[in-house]
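Trainee: dropping the sequence and predicted coords here.
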Protein chains: 2
Amino acid sequence: MLKLLVLCLLTSLMFVQIAEARIRHYKWDVKYEYKSPDCYKKLAITINGGTPGPTIVAQQGDTIIVEVKNSLMLENLAIHWHGIRQIGTPGMDGTDGVTQCPIVPGDTFKYEFKVDRAGTYLYHAHYGMQREAGLYGSIRVSLPDGEIEPFVYDYDRSIILNDWYHKSTYEQATGLSSIPFVWVGEPQSLLIQGRGKFDCSNTLSAPGVCNASNPECSPYVMTVIPGKTYRLRIGSLTALSSLSFQIEGHNMTVVEADGSYVEPFVVKNLFIYSGETYSVLIKADKDPSRNYWMTTNVVSRLPNTTAGLAILNYYPTHPGQSPPTAPPAGPIWNATAPRLAQSQATKARQGFISTPPATPDRVLVFLNTQNLVNGYIRWAINNVSFTLPHTPYLVALKYNLRHVFNKSPPPIGQDLQNYDIYSVAKNKNASLSDGIYRLQFNTTMDIILQNANTMTTNNSETHPWHLHGHDFWVLGYGIGKFDIHNDHKKYNLVNPIMKNTVPVHPYGWTALRFKADNPGVWLFHCHIESHFHMGMGVVFEEGIEKVGNLPSSILGCGETKGFGRP
Amino acid sequence: MLKLLVLCLLTSLMFVQIAEARIRHYKWDVKYEYKSPDCYKKLAITINGGTPGPTIVAQQGDTIIVEVKNSLMLENLAIHWHGIRQIGTPGMDGTDGVTQCPIVPGDTFKYEFKVDRAGTYLYHAHYGMQREAGLYGSIRVSLPDGEIEPFVYDYDRSIILNDWYHKSTYEQATGLSSIPFVWVGEPQSLLIQGRGKFDCSNTLSAPGVCNASNPECSPYVMTVIPGKTYRLRIGSLTALSSLSFQIEGHNMTVVEADGSYVEPFVVKNLFIYSGETYSVLIKADKDPSRNYWMTTNVVSRLPNTTAGLAILNYYPTHPGQSPPTAPPAGPIWNATAPRLAQSQATKARQGFISTPPATPDRVLVFLNTQNLVNGYIRWAINNVSFTLPHTPYLVALKYNLRHVFNKSPPPIGQDLQNYDIYSVAKNKNASLSDGIYRLQFNTTMDIILQNANTMTTNNSETHPWHLHGHDFWVLGYGIGKFDIHNDHKKYNLVNPIMKNTVPVHPYGWTALRFKADNPGVWLFHCHIESHFHMGMGVVFEEGIEKVGNLPSSILGCGETKGFGRP
């Protein structure tokens, strides 16, 4: 009897332990396969045969282990866990050149990290422009047992919005790195959870390449039960496009952004930028005898890409039944005001406010410009266009390797006062550097992202900036030049939302604050894949001396060749 | 005065030393660029901006140093020096998975080896199917000062013949590794020294992609001075095609093959297989007031690829002047007899005969078959389809690493007696293995390559087999099944040519002999790139215990991750 009691106790203890620190173990095989996500057959990078890859479903506190086998034949690989801060595991951030050496074909790399906070996150390739070849997916982290969300819903769904090119990433990247510059143009289609519809009649392609009846490009269907409330987790991993998303006849209540609870607000059009995630609640309270369109449209650029379509299917209506109405038109593509309004409306939810430090220790102003470097078109921050080093910073700094990157930090600001953000710069030239910003550990950093005119007259683009390893407080947005004397007085220090990705609107500015409290080396960059390829990023180091032993698996390239003997 | 004398002596000593062991130092940057070698624009791999890459011109005894920078963005790289035996430098053979780890993007790898023998050689990528993306070129090694060739010519020229696909190697390789199998089909064009002509009117492609007047695809022109004799060094690096090559109105005298002098014979059509090189002498003794076609055609497969054209330009006729006659038709594509006849006519030149050992120590019969492995179409040798390991054999064997490859050697022969080479095999299944043949050092090996029917009724293909690290004596060719009791009696042991690449004709056999006297690990494989990709190869180890320290640069992948710290 006593034995039984002891056994019972032990068992429950074991159970508790399991519940507290569950391990979610995935094995992924990454390879090139022919796929037709928008009816047009092209090579895509798949995980276990699919693009998007499997959704990682976990609970706060779980450890995620993903064993990634690189079966790409010739290409290396790295996978970033977008929104996961990697506290204590900076080597698992999956960023080629920053936190790890790429995974070579045939190798299996074990990513292992904790998901320490509930929320909606993403994963995607972070090597060259592989992300837009299809290597991406969702991460959904739920609250610990017993904790509840501050809003109510019946079911949970995840979708990713994406834009899709028919040219390979090689073709795209080679064009971007050429003189003359060759621009791949606007994407061929928009995908909702990996499904879009390219108009096959528009193509001269060989027979069999474009097939409108391929089941791979049948629209994504989200089936709902009348009367129920759905939490729809929406992420964007577009290569280029800023998007709006809408559900015909249904309002959406925004309740989460990048893992933080949002003071709820209702939208008809949800604007979403590459690298962002939102949770919206939708109530299935419309006529259940028909289906409804879910659509996504390009905004901020003249849309030359057909809208993406999916189906909101009311059970028991047949999921294949087309809605009887035409898909709703998206919002006006070049109206910045409603997009700015949504940005400004996104605030931390009452009861879940993390108050930022009242003042920063250091302010960096990042002027975003389009430039020429040796005749190549590039993007630059404070006139420096970023290049990745050959040896990952994290390893170089930890092992104190010399000559691996430029020891001069990039400029800490620019003469904004005298810079005309509304004109093409007179001197278009910038320089290349792989220098980084070294931050004092635990200090409070303010970043002002200032947008400007590109090298085209009357043109300024949207740039969604994503910070690795942190969330930041979003203190404010504005259109025009940031007023260094006055605009900081308007910062929202009461209930700013914390995010990891934030848009800088055309001709606008965005102000962020974060604590440099996560030992490691972290990329901060425009999430438009071609923009980062063309130099639109910076790197922060903080507390490198506090970083423990690095996993040997991240070593082996550049100056670390020969490190990490197993 | 004395000082001057000493200085003078020292200087001459230094000069002698330089003359005896000259170093030829090259720096190559390898990247993807848009090229239009046949008027159709596609991504090609270039060396210093060109495809073919620069011709390496050296003298016997020179040391070649090539510093290869991998600027391919995402792809690794390895370069093989085809025909160079790498005596004492087995780690410089440039064969991914066999002799080295691939070069990762951003890395610079230093190849360093001696060219110990005059002759005509090649170089090309040996990683995945990168060769056919355009990474290839010529190596021309001249005799030492004071030595002369056994034939006379005025000028020396090098050209490479190639076939060219418009699809990327990714698209091709993915199709080959798919169920159902997707065959890329016949090449779109044949290139002579990197230039061909695709018929742009045949393509539905977007405007600007195919441009018949692009100077990149103007035909290759070889200008000759009337009355002079030219040594034309011809190599083939086709992905698939067996070729004939001809010069309108001119005979060609074959004098060299794969670096060995040939007892001269005259041809109108030179048959050449992927991986082979020939030197032919041509006399510019025709009407000099016009130009002549140089052409290349597909043989051994039903030609669906337009002939390749170049211009033999008689000075002072304008090089742009088209010959007044139609290009000569090639030989009948499916006549095996004349091709066999050329193979058999190729013998070592009197005075330059290397006599083979009279008998072998060991005979291996390699039955070449097309098979299924787990439903995938593969090629197999003795029913084993080759796969490359993740850690290079050379390193694994030298460091005695376990578990890196299958310790069971592949079969040493097959029941030829009972195998019907003229039929599709009843049991098509084969197995995969990365096991290797371990040869006793310094023994004499005989290899019988036996061709057979593919999985298609009434079909047997030509396979050019290439041996790394050695030349072999070509003892004989035949059509039909090798008669183990009688055919060896017909071997040419008197004046067999030594080569590194040799065809196995449809339904035929080819017998080779070589000394296992070069310490290292050496690939022996069909030089058709898709065939090797599909398993058509074997590996020989010999004298691994005699291999000195390996260069650290070849380490770092697979089980050697962490080896080779600089």
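Mentor: Now that the structure is in, tell me what you want to look at. Worth saying up front: this structure is predicted, and the values here are computed from it rather than measured. Numbers count the residues shown, from 1 in each chain, chains lettered A, B, ... in the order given.
Trainee: near chain B, which residues of the stretch 351-500 of chain A show up?
Mentor: residue A:390 (CB under 8 Å from any CB of the partner chain). Quick note: C-beta positions are derived from backbone N, CA and C, even for glycine.
Trainee: find me the pLDDT at the closest residue to chain B within the stretch 351-500 of chain A, would you?
Mentor: Per CB to the nearest CB, residue A:390 is where the stretch 351-500 of chain A lies closest to chain B, at 4.1 Å. pLDDT for residue A:390: 90.
Trainee: roughly how far does it sit from residue A:92?
Mentor: 21 Å (CB to CB, to the nearest Å).
Trainee: and these two? which has more neighbours close in?
Mentor: Neighbours were counted for residue A:390 and for residue A:92 using other CB atoms under 10 Å in any protein chain shown; residue A:92 has more, 26 against 20.
Trainee: that one reaches residue A:79, doesn't it?
Mentor: No - counting by CB atoms under 8 Å, residue A:92 does not reach residue A:79; the two are 9.8 Å apart.
Trainee: anything in contact with each of these two?
Mentor: residue A:111 (CB atoms under 8 Å, 6 or more residues apart in numbering or on different chains).
Trainee: so the residue of the stretch 351-500 of chain A closest to chain B is in which element?
Mentor: Using DSSP states H and E, residue A:390 sits in no helix or strand.
Trainee: and the nearest residue to residue A:471 once chain neighbours are set aside, what are its bridge partners?
Mentor: Of all residues not flanking residue A:471 in the chain, residue A:498 sits nearest, at 4.0 Å (CB to CB, 6 or more residues apart in numbering or on different chains). Per DSSP bridges, the residues bridged to residue A:498 are residue A:473.
Trainee: where do the helices sit along chain A?
Mentor: Using DSSP state H, the helices found in chain A span residues A:2-20, A:169-176, A:336-345, A:393-398, A:529-533.
Trainee: what are the buried residues along stretch A:38-58?
Mentor: Buried residues in stretch A:38-58, defined by neighbour count with 16 or more other CB atoms under 10 Å in any protein chain shown: A:38-47, A:51-53, A:55-56, A:58.
Trainee: now the residue of the stretch 351-500 of chain A closest to chain B: how far from residue A:558?
Mentor: Where residue A:558 is concerned, residue A:390 sits at a distance of 4 Å (CB to CB).
Trainee: which neighbours do these two share?
Mentor: A:404, B:106, B:107.
Trainee: in this structure the first one contacts residue A:398, no?
Mentor: Right, the one you point to is residue A:404. No - counting by CB under 8 Å, residue A:404 does not reach residue A:398; the two are 11.3 Å apart.
Trainee: contacting residues for the closest residue in space to residue A:281 that isn't next to it in sequence?
Mentor: Closest residue to residue A:281 apart from its sequence neighbours, by CB to CB, 6+ apart: residue A:253 at 4.4 Å. Neighbour list for residue A:253: A:151, A:264, A:265, A:266, A:280, A:281, A:282 [criterion: CB under 8 Å, 6+ apart].
Trainee: sorry, back to before: now the shared contacts of residue A:390 and residue A:558 as CSV including pLDDT, neighbour count and distance to residue A:545?
Mentor: Converted to CSV, the shared contacts of residue A:390 and residue A:558 look like this (pLDDT from 0 to 100; neighbours: other CB atoms under 10 Å in any protein chain shown; distance: CB to CB, whole Å):
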residue, pLDDT, neighbour count, distance to residue A:545
A:404, 91, 20, 17
B:106, 94, 18, 27
B:107, 95, 18, 29
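Trainee: for the residues you listed, give me JSON lines that also has distance to residue B:551.
Mentor: JSON lines is the format used below for those (distance: CB to CB, whole Å):
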{"residue": "A:404", "distance to residue B:551": "22"}
{"residue": "B:106", "distance to residue B:551": "19"}
{"residue": "B:107", "distance to residue B:551": "14"}
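Trainee: would you agree residue A:336 is in contact with residue A:478?
Mentor: No - checked against CB under 8 Å, the pair residue A:336 and residue A:478 is beyond contact range at 11.4 Å.
Trainee: now the common contact residues for those two.
Mentor: residue A:508.
Trainee: distance of residue A:122 relative to residue A:53?
Mentor: With CB to CB as the criterion, residue A:122 and residue A:53 are 11 Å apart.
Trainee: mutual contacts of the two, please.
Mentor: A:136, A:137.
Trainee: list the contacts for residue A:184?
Mentor: A:165, A:167, A:171, A:172, A:175, A:176, A:530.
Trainee: and chain B, which of those reach it?
Mentor: A:171, A:175.
Trainee: out of the contacts of residue A:184, who's nearest chain B?
Mentor: residue A:171 (6.1 Å).
Trainee: so what does the nearest residue in space to residue A:211 that is not next to it in sequence look like in phi/psi?
Mentor: Nearest residue to residue A:211 in three dimensions, chain neighbours excluded: residue A:39, at 5.8 Å (CB to CB, 6+ apart). Note on residue A:39: its backbone torsions stand at phi 80, psi -10 [degrees, to the nearest 10].
Trainee: pretty sure residue A:450 is touching residue A:366, no?
Mentor: Yes - assessed by CB under 8 Å, residue A:450 is found in contact with residue A:366 at 6.6 Å.
Trainee: ok, how many other residues are close to residue A:148?
Mentor: Around residue A:148 there are 7 residues (other CB under 10 Å).
Trainee: check residue A:117 too.
Mentor: 17.
Trainee: how near is it to chain B?
Mentor: 32 Å (CB to the nearest CB, to the nearest Å).
Trainee: was I right to think that residue contacts residue A:59?
Mentor: No - assessed by CB under 8 Å, residue A:117 is found out of contact with residue A:59, at 10.9 Å.
Trainee: what touches both of these two?
Mentor: Shared contacts of residue A:117 and residue A:59, counting by CB under 8 Å, 6+ apart, come down to residue A:141.
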